[in-house]
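In: only geometry, no sequence info:
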């Protein structure tokens with residue numbers, strides 16, 4: 001548990017969060033969004049199967065959006081190899097998601113997604129995708145350069 005002091009357009013001032021560890025199976029970005037979104041909606045942490053199924057559905061929808069936004073993504077983001085290969089690889093449940101997928105996920109769920117890191121025991125917001133959407137952000141924690149966990153508000 002930690003307490004945030006950062007104030008920004010998507011403010012966390014006065015809120016406390018707790019890491020909720022998700023399985024590191026290539027779906028962690030999608031699992032963390034699925035879990036944080038469920039809890040933000042007042043539901044329980046999903047079962048393993050429900051979380052995996054929701055993560056796979058979010059991935060599928062993100063890949064569809066990637067293809068729809070190909071020109072924009074190629075203009076502003078570095079996507080290794082050619083776009084079609086990237087989209088095909090991203091369709092695999094074992095492929096780690098990143099910034100392009102976070103942009104598409106915010107669009108799909110119509111909510112901001114806040115990405116955090118842990119610095120000296122405190123959670124620090126490093127990016128918000130989908131700032132144009134209203135409401136509380138879905139919060140996820142990025143760690144070890146490869147993994148995402150859900151970041152859940154305590155005592156909301």
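Out: That came through, no problem. Because the structure is predicted, anything quoted here is derived from the model rather than measured. Residues are numbered from 1 along each chain as shown.
In: So what's the gap between the longest helix along the chain and the chain middle?
Out: The residue-count maximum for a helix in the chain (DSSP state H) belongs to helix 48-68. Its chain's C-alpha centre and that of helix 48-68 lie 12 Å apart, by Cα atoms, centre = their mean, to the nearest Å.
In: avg pLDDT for the helix or strand following it?
Out: Using DSSP states H and E, the helix or strand that follows helix 48-68 in sequence is helix 70-76. Helix 70-76 carries an average pLDDT of 80.
In: name the helices or strands packed onto helix 70-76?
Out: helix 83-90 (3 or more Cβ pairs under 8 Å, 6 or more residues apart in numbering; DSSP states H and E). All C-beta spots, glycine's among them, are computed from the backbone N, C-alpha and C.
In: The helix it packs on packs against which elements?
Out: Right, helix 83-90 is packed against helix 48-68, helix 70-76 by 3+ Cβ pairs under 8 Å, 6+ apart.
In: Could you look up the SS state of residue 32?
Out: For residue 32, the assignment made with DSSP: H, G, I helix; E, B strand; the rest coil gives helix.
In: if we can go back for a sec, reformat the helices and strands packed on helix 83-90 as TSV; add distance to residue 150.
Out: Formatted as TSV, the helices and strands packed on helix 83-90 follow (distance: least, Cβ to Cβ, whole Å):
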stretch	distance to residue 150
helix 48-68	10
helix 70-76	25
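In: Can you flag the weakest of the ones you listed by average pLDDT?
Out: Lowest mean pLDDT within those: helix 70-76, at a mean of 80.
In: How far off centre is that one?
Out: With Cα atoms, centre = their mean, you get 20 Å for helix 70-76.
In: Rebuild the helices and strands packed on helix 83-90 as TSV, extending it with distance to residue 29 and mean neighbour count.
Out: TSV is the format used below for the helices and strands packed on helix 83-90 (distance: least, Cβ to Cβ, whole Å; neighbours: other Cβ atoms under 10 Å):
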stretch	distance to residue 29	mean neighbour count
helix 48-68	8	17
helix 70-76	16	13
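In: what's the closest of those helices to residue 140?
Out: helix 48-68 (12.2 Å; Cβ to Cβ).
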